[in-house]
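Chemist: Curious how this folds, go ahead:
(chains A and B)
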Protein chains: 2
Amino acid sequence: MSLFSFSLKAQDGKARRGEILTPRGDIQTPAFMPVGTAASVKGMLPEQVRSTGADIILGNTYHLMLRPGAEEMAAMGGLHQFMRWERPILTDSGGYQVMSLTKLRKMSEEGVTFQSHIDGSKHRLTPERSMEIQRLLGSDIQMVLDECTPYPATHDEARLSMEQSMRWAARSKEAFGSQPGHACFGIQQGSTFEDLRQRSSEALREIGFDGYAVGGLAVGEGQGVMFQVLGFAVDMLPEDHPRYLMGVGKPDDLVGAVARGIDMFDCVLPTRSGRHGQAFTRRGTVNLRNARHAHDMRPLDEESPCPASSQFSRAYLHHLFKSGELLGQILLTWHNLAYYQELMKAMREAIEAGCFEAFCDDFHKLRAEGDIPAL
Amino acid sequence: MSLFSFSLKAQDGKARRGEILTPRGDIQTPAFMPVGTAASVKGMLPEQVRSTGADIILGNTYHLMLRPGAEEMAAMGGLHQFMRWERPILTDSGGYQVMSLTKLRKMSEEGVTFQSHIDGSKHRLTPERSMEIQRLLGSDIQMVLDECTPYPATHDEARLSMEQSMRWAARSKEAFGSQPGHACFGIQQGSTFEDLRQRSSEALREIGFDGYAVGGLAVGEGQGVMFQVLGFAVDMLPEDHPRYLMGVGKPDDLVGAVARGIDMFDCVLPTRSGRHGQAFTRRGTVNLRNARHAHDMRPLDEESPCPASSQFSRAYLHHLFKSGELLGQILLTWHNLAYYQELMKAMREAIEAGCFEAFCDDFHKLRAEGDIPAL
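Modeler: As a prediction, the model looks like this:
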């Protein structure tokens, strides 16, 4: 038995219920990974993240390579020890942030050179260096370096970009080598083009990975186009490995993507929105800054096991945001992470029970009804 | 037996070990009260505050009367319910903040009118209204409205100010009326003048309060002058009631004030310093932003029961502050509150054991040695 394994436990239509086993613990799929960019899920203690039901979190290679640095992190015992999160961590390759956060970046066949957004210092990221950094961090699931093709792209642009990513995928896998208990995931590209997604999938299958991500989505194409691409792109990936949709998304994105066969997600939305006063609930989003909450004594979700959701009134949350109190950001981040994990759990149970379609109907119906106003 | 009572359990020199009983729980003295200005001890969950050993917190009447408002708070069930802190809360009168935070304020015998620092709206604070607000908030220990005499003051200025405060103290007590289980504390004024402190104490004794505060200190006079004033001012207050030094202070201020007979303290220092990267330890203050902590794997205090003190490395805390991560503010606030409570507990135990002087020697010796550098 492998130290890293994936097994399908149930399937309902295209929706999959699975389990990833790693030496650092199991990951129940469909899974949502809270984002811990700079060695911290913003505003949360590790045990609070875990208390919501998160099995795994994501760390950003770009941020961590710049601060504290990969070799520095390794010398300090690795990312898990540093941030006191004992369970699995997935790291991205750093490529996406290099493209979106840095200036004076220069791409070549070899890799990309760029200036740090922190202090302007020069750095180089190649497939080999990205994998080395992720290994130094101690990452459990390491992502290949790729180019996230900008949207929109012509067929020629998307093809050239995808082909570049596939050459980097091969070099990344080679650099990953053999790390028992750790996994290396490939990333499918090809923008919105079915033939390119197919060729990308074949290239990745040929290299062989422990899991497969769908990349190049959630980059401005909108949910309709994203679902359309997922409709053909996911089926191209091996059934016996986890499938990960990177950087997604809103609650209804997650439900629609699970319906199309996705097993894993990450997104900053629950944490970032929480810091800005927006709560996700089964009845849609609620802006706690709105004056209508000023005297609303109901909690966000009285049935939730999360203290942030069930023990504090909307009036109090409203007050905290109006007053600029840190605790507002903390409580709403916690609530949102708990809601996301509750949603994933509900989807897992629905797939197991063979009633995922009914779950989806209820999910959309409750959101359409919207929030119940206070008395 | 009264619903609110104070008993002395031990005495060592002037240092006192006591216990306040209230319907919302006991307060072991000497006690430090974390400040929860706007219905939140900044960055802390209520159970985290309690986990440090805090028996009671302080709320600011000025902030709460403006937002959410006193009548609004009462309609929502009071401050305890609002912020989910079930134990005792002491509220100040609002006078100090009106003097320091507002503009266009106008004092008269009746009270003070001022403009809100939030929206410029006009408000009036009189002894009667301050006590009414504190009652509406549900405060367990309510402070009389007074004027915190600015420093330095001439004898005449200090006398006029003190006499004004004593007339307001009488009106405050009258307005407080009878509230079983709740307490009303008077505030001694008189600046640095022994005769005025004496006259103020006599005036307060005559009115009769459940506890007595020393006001008008920690306003820029320095520790030397503060201790000098405490040296004569504290003894003037009734022995059979708690004595509260308002707005103090640094760890060595607390130790010196306990040595002079003070039972209660409040201060924003542990919370505010924590948000700015400064940790209080038995060996003095540590600035976590300093580069010397970048690879220091030691926790701030491995013996502390507080997770923030013992489970995270200085290197990690340094990283969080360099990265602007909320978690840095959270962890250091928690650590500082835990250190303050640990200090109070150590003082209580030393007084009980009759070795408070030795405790003070050790306290100062360890601080003089300073922080042990990392290997």
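
Chemist: My guess is A:Leu254 contacts A:Gln341. True?
Modeler: No - when contacts are counted by Cβ atoms under 8 Å, A:Leu254 is not listed as touching A:Gln341 (11.1 Å). Yep, even glycine has a C-beta here, placed from its N, CA and C like the rest.

Chemist: between those two, what contacts are shared?
Modeler: Shared contacts of A:Leu254 and A:Gln341, defined by Cβ atoms under 8 Å, 6 or more residues apart in numbering or on different chains, comprise A:Phe32.

Chemist: Now for the residue nearest the centre of chain A: which residues touch it?
Modeler: Centroid-nearest residue in chain A, with Cα atoms, centre = their mean: A:Asp266, separated by 1.0 Å. A:Asp266 is in contact with A:32-35, A:58, A:90, A:244, A:246-248, counting by Cβ under 8 Å, 6+ apart.

Chemist: So it, which state does it fall into?
Modeler: strand (DSSP: H, G, I helix; E, B strand; the rest coil).

Chemist: per-residue pLDDT, it?
Modeler: Reading off the confidence values, A:Asp266 has pLDDT 98.

Chemist: Beta-bridge partners for it, please?
Modeler: Beta-bridge partners recorded for A:Asp266 (DSSP bridges): A:Met33.

Chemist: ok, now how distant is it from chain B?
Modeler: For A:Asp266, the distance to chain B (Cβ to the nearest Cβ, to the nearest Å) stands at 18 Å.

Chemist: Can you get me a residue count around the residue in the stretch 151-300 of chain A positioned nearest to chain B?
Modeler: For the stretch 151-300 of chain A and chain B, the shortest gap (Cβ to the nearest Cβ) falls at A:Met297, measuring 6.2 Å. A:Met297 has 15 neighbouring residues, counting by other Cβ atoms under 10 Å in any protein chain shown.

Chemist: Return the per-residue confidence for it.
Modeler: With respect to pLDDT, A:Met297 scores 97.

Chemist: Show me which residues of chain A are close to chain B?
Modeler: Residues of chain A found near chain B (Cβ under 8 Å from any Cβ of the partner chain) are A:38-40, A:42-45, A:63, A:67-68, A:72, A:75-77, A:82-84, A:275, A:294-295, A:297, A:307, A:311-313, A:315-316, A:319-320, A:322-323, A:325-327, A:329-330.

Chemist: Quick one: buried ones out of those?
Modeler: The neighbour-count test (16 or more other Cβ atoms under 10 Å in any protein chain shown) marks A:38-40, A:42-45, A:63, A:67-68, A:72, A:76, A:82-83, A:275, A:294, A:307, A:311-313, A:315-316, A:319-320, A:322-323, A:325-327, A:329-330 as buried among these.

Chemist: For A:Phe176, give me its contacts.
Modeler: Contacts for A:Phe176 (Cβ under 8 Å, 6+ apart) come out as A:131, A:135, A:142, A:184.

Chemist: which is the next helix or strand following the lengthiest helix in chain A?
Modeler: Identified as the longest helix of chain A according to DSSP state H is helix A:326-353. Counting by DSSP states H and E, the next helix or strand C-terminal to helix A:326-353 is helix A:356-369.

Chemist: by how many degrees do that following helix and helix A:326-353 diverge?
Modeler: Taking axes from the mean of the first three to the mean of the last three Cα atoms, to 10 degrees, helix A:356-369 and helix A:326-353 form an angle of 150 degrees between their directions.

Chemist: which residues touch helix A:356-369?
Modeler: Contact with helix A:356-369 is made by A:12-13, A:15, A:251-252, A:255, A:258-259, A:282-284, A:346-347, A:350, as judged by Cβ under 8 Å, 6+ apart.

Chemist: what is the rounded mean pLDDT of it?
Modeler: Averaging pLDDT along helix A:356-369 gives 98.

Chemist: Pull it out as PDB, backbone CA atoms only.
Modeler: Taking Å, rounded to 0.1, in the frame of the first residue of the first chain, the C-alpha atoms of helix A:356-369 are listed here in PDB:
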ATOM      1  CA  PHE A 356     -26.800  14.600  -4.800                       C
ATOM      2  CA  GLU A 357     -29.300  16.000  -7.400                       C
ATOM      3  CA  ALA A 358     -31.900  16.500  -4.600                       C
ATOM      4  CA  PHE A 359     -29.200  18.200  -2.500                       C
ATOM      5  CA  CYS A 360     -28.400  20.600  -5.400                       C
ATOM      6  CA  ASP A 361     -32.100  21.400  -5.800                       C
ATOM      7  CA  ASP A 362     -32.400  22.200  -2.000                       C
ATOM      8  CA  PHE A 363     -29.200  24.200  -2.100                       C
ATOM      9  CA  HIS A 364     -30.400  26.400  -4.800                       C
ATOM     10  CA  LYS A 365     -34.000  26.700  -3.500                       C
ATOM     11  CA  LEU A 366     -32.800  27.900  -0.100                       C
ATOM     12  CA  ARG A 367     -30.500  30.500  -1.600                       C
ATOM     13  CA  ALA A 368     -33.300  31.700  -3.900                       C
ATOM     14  CA  GLU A 369     -35.600  32.200  -0.800                       C
END
